[in-house]
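**Q** the following block contains a protein sequence and its predicted model.
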Amino acid sequence: MNFLFMVVMLLVILAASELFVNALEHLGERLKISEGVTGSLFAAVGTAMPETMVPLIAIFAGTENQSLNEEIGVGAILGAPLMLATLAMGLLAIATVRERGIRGAFTPEISGVRRDLDFFLVAFGAASVALFVPHHLTVVRVAISSVLVLSYFVYIMLTLRASEQLVNDGHGTEADRPMLLNRIGLPDNMFVVMVQIALGVILLIAGAKGFIYGVEHLAAAFGVSALLVSLLIVPIATELPEKVNSVLWIRRRKDTLAFGNLTGAMVFQGALLPAIGVMLTPWEPRHEVFAGVVITLGGAIWLRYVVSTGGLRVWHVMVNGVLYLAYLAMMLI
């Protein structure tokens, strides 16, 4: 019954994702902002609501077992960027390899992808260092958390500053399908756009919240730690919106939106979420955590390297998918 309930929650997230993507394109078009801002900020933050809520709900209002709550929180926080930097990128390759070929090119707006990856590597690198900071050095932990939060706000300002020029250069957001709520007779205006976005976010949060109740029982059934389940299973649900949104966009050749959605979410989850973990959980380098951090940084560094060489190809992101399989093998074999 637990497994069936979790499947239902996944279906809720899928439906919410379609609602959200559809409304977001219309919002970006109406506000005359670039695809980079729509993907890296609006889509990334909006669809990151579930993975933000899961650790917060787990830490503050989870089960009666505080240690279990903290394991779920840490797993959800670190599992999110792990999935985005590896598995989610690999799914873009799977979605396009037949049409574009293994050496086919992706054409996102490169400066935005580069900026996202730079901020992610700096922020997530700092969060990784915090794993080795003793708990009694509270001042150091507070300082690292503050830097993580500040770095995200600097990132927002730089991303918004770049938007106007990108729109002028032809990278403005365009909605190529009618809004879903318009199809049932509601008018085409900003209020309805916001209603559809809100509906999508509410369903995303509800679907992710449902997963928390299944994690404890799933961990017990398989005889593994809640931390490992949270690292591997919870992010599949909480990261599913980013994966589905980006796959939908990449198949329609909206490469800037697809990559911005993933790399923008990586910045959000590599800065703000670890800031929560550093301050509110036993942020320490257990072997599951340390291996996940190394794989995550490896995937991001690889992407940054290939972007710096002048282009992204299908086989490049396929490497990231292989990194996820490597982590899975290390944890389960």
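**A** Received the coordinates, thanks. Numbers count the residues shown, from 1 in each chain.
**Q** quick one: the helices in the stretch 1-150 of the chain, in order.
**A** In the stretch 1-150 of the chain, the helices defined using DSSP state H, counting those that start in this stretch lie at 2-31, 35-37, 44-47, 49-61, 66-83, 89-100, 110-130, 138-168.
**Q** Tyr324: which of these is closest?
**A** helix 89-100 (6.3 Å; C-beta to C-beta). All C-beta spots, glycine's among them, are computed from the backbone N, C-alpha and C.
**Q** geometric centre of this structure: which residue is closest?
**A** The residue lying closest to the centre of the chain (C-alpha atoms, centre = their mean) is Ala265, at 4.1 Å.
**Q** report pLDDT for that one.
**A** At Ala265, the model reports a pLDDT of 83.
**Q** so for the nearest residue to Val97 once chain neighbours are set aside, what's the pLDDT?
**A** Take Val97 and drop its neighbours on the chain: the residue closest to it by C-beta to C-beta, 6 or more residues apart in numbering is Val314, 5.3 Å away. Model confidence at Val314, expressed as pLDDT, equals 94.
**Q** what residues are up against the closest residue to Tyr152 other than its chain neighbours?
**A** Once its chain neighbours are removed from consideration, Tyr152 has its nearest residue in Ala271; the separation is 4.1 Å (C-beta to C-beta, 6+ apart). Neighbouring residues of Ala271 by C-beta atoms under 8 Å, 6 or more residues apart in numbering: Phe119, Phe120, Ala123, Phe124, Ala127, Leu148, Val149, Ser151, Tyr152, Tyr155.
**Q** residue ranges with poor pLDDT in the protein?
**A** 1-3, 10, 17, 21, 32-70, 162-177, 208-242 (pLDDT under 70).
**Q** wait, Ser308 sits on Arg114?
**A** Yes - with contacts counted by C-beta atoms under 8 Å, Ser308 reaches Arg114, the gap being 7.3 Å.
**Q** neighbour-wise, which of the two wins?
**A** Arg114 (16 against 10; other C-beta atoms under 10 Å).
**Q** please report the distance of that one from Ser128.
**A** Taking C-beta to C-beta, to the nearest Å as the measure, Arg114 falls 21 Å from Ser128.
**Q** before we move on, what about Tyr324?
**A** 18 Å.
**Q** next, count neighbours for the residue nearest to Val97.
**A** 21.
**Q** same check on Arg183?
**A** Quick note: Arg183 (other C-beta under 10 Å) scores 10 neighbours.
**Q** what sits against Val307?
**A** Contacts of Val307 (C-beta under 8 Å, 6+ apart): Ile110, Val113, Arg114, Leu117.
**Q** for Phe106, see how far away it is.
**A** For Val307, the distance to Phe106 - C-beta to C-beta - is 10 Å.
**Q** one more: Leu24?
**A** 20 Å.
**Q** same thing with Phe268?
**A** 21 Å.
**Q** looking at those two, which has the bigger crowd around it?
**A** More crowded of Phe268 and Phe106, by other C-beta under 10 Å: Phe268, with 27 against 22.
**Q** mind listing what's buried along the host helix or strand of the more buried one?
**A** Taking DSSP states H and E as the definition, one finds Phe268 inside helix 255-280. Neighbour-count burial for helix 255-280 flags 255-280 (criterion: 16 or more other C-beta atoms under 10 Å).
**Q** columns distance to Val142 on top of the contacts of Val307, output as CSV?
**A** CSV is the format used below for those (distance: C-beta to C-beta, whole Å):
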residue, distance to Val142
Ile110, 36
Val113, 32
Arg114, 30
Leu117, 27
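**Q** most widely separated two among those residues?
**A** Ile110 and Leu117, at 10.5 Å, using C-beta to C-beta across these.
**Q** between the two, which is the more surrounded one?
**A** Leu117 (23 against 16).
**Q** the more buried one touches Leu303, doesn't it?
**A** Yes - at 5.9 Å, Leu117 counts as touching Leu303 under the criterion of C-beta under 8 Å.
**Q** which neighbours do those two have in common?
**A** Thr263.
**Q** buried among the contacts of Ala271? Make that a ChimeraX selection.
**A** Here is the ChimeraX selection string for the buried members of the contacts of Ala271, based on 16+ other C-beta under 10 Å:
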select :119,120,123,124,127,148,151,152,155
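**Q** could I get the contacts of Ala271 as a markdown table with distance to Arg161?
**A** Shown next, in a markdown table, are these (distance: C-beta to C-beta, whole Å):
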| residue | distance to Arg161 |
| --- | --- |
| Phe119 | 14 |
| Phe120 | 19 |
| Ala123 | 19 |
| Phe124 | 23 |
| Ala127 | 25 |
| Leu148 | 21 |
| Val149 | 19 |
| Ser151 | 16 |
| Tyr152 | 15 |
| Tyr155 | 11 |
